[in-house]
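next input, structure requested:
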Amino acid sequence: MQDTNTKQNSKKDLVNTVFNSVFKKYDLMNDIISFGIHRLWKSNLIDWLQPKLNSKLIDMASGTGDMTKLFIDRKSTRLNSSHLVI
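Coordinates of the predicted model:
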């Protein structure tokens, strides 16, 4: 019988293997499945959140982390545009 640590390591290895085999095509698969609409949903969600300089986001089970990147990009854009000096 396998001990608990061995079972946990086997499961971790399996999850890592599966993730590593699909992560490069994850966004492409979402594009195909949703006809690209998932990008609009994500963008609209970030617009709705209106991230500010001190805003924080917990992005759990995020796939490729594209929501986090959008959040940071929008936060940076808002910061830069709000401090624009002419």
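
could you use CA atoms for every contact and neighbour count after this?
Fine.

count of neighbours near Leu70?
By the criterion of other C-alpha atoms under 10 Å, Leu70 has 17 neighbours.

same for the helix or strand where it lies, what does it pack against?
Per DSSP states H and E, Leu70 falls inside helix 66-82. If contacts are counted by 3 or more C-alpha pairs under 8 Å, 6 or more residues apart in numbering; DSSP states H and E, helix 66-82 sits against helix 37-49.

remind me, longest helix of the chain?
helix 4-22 (DSSP state H).

run through who's touching that helix.
Helix 4-22 is touched from outside by no residue, with contacts defined as C-alpha atoms under 8 Å, 6 or more residues apart in numbering.

what about it, average pLDDT?
Averaging pLDDT along helix 4-22 yields 81.

just for the protein, where's the confidence low?
Low-confidence segments of the chain (pLDDT under 70): 1-5, 62, 78-86.

can you give me the neighbour number for Arg74?
20.

got a list of what it touches?
46, 50-51.

what's the nearest residue to the spatially most central residue of the chain if we skip its chain neighbours?
Ranked by distance to the mean C-alpha position of the chain (C-alpha atoms, centre = their mean), the top residue is Gly65 at 2.3 Å. Using C-alpha to C-alpha, 6 or more residues apart in numbering and skipping residues adjacent in sequence, the residue nearest Gly65 is Asp59, 7.5 Å away.
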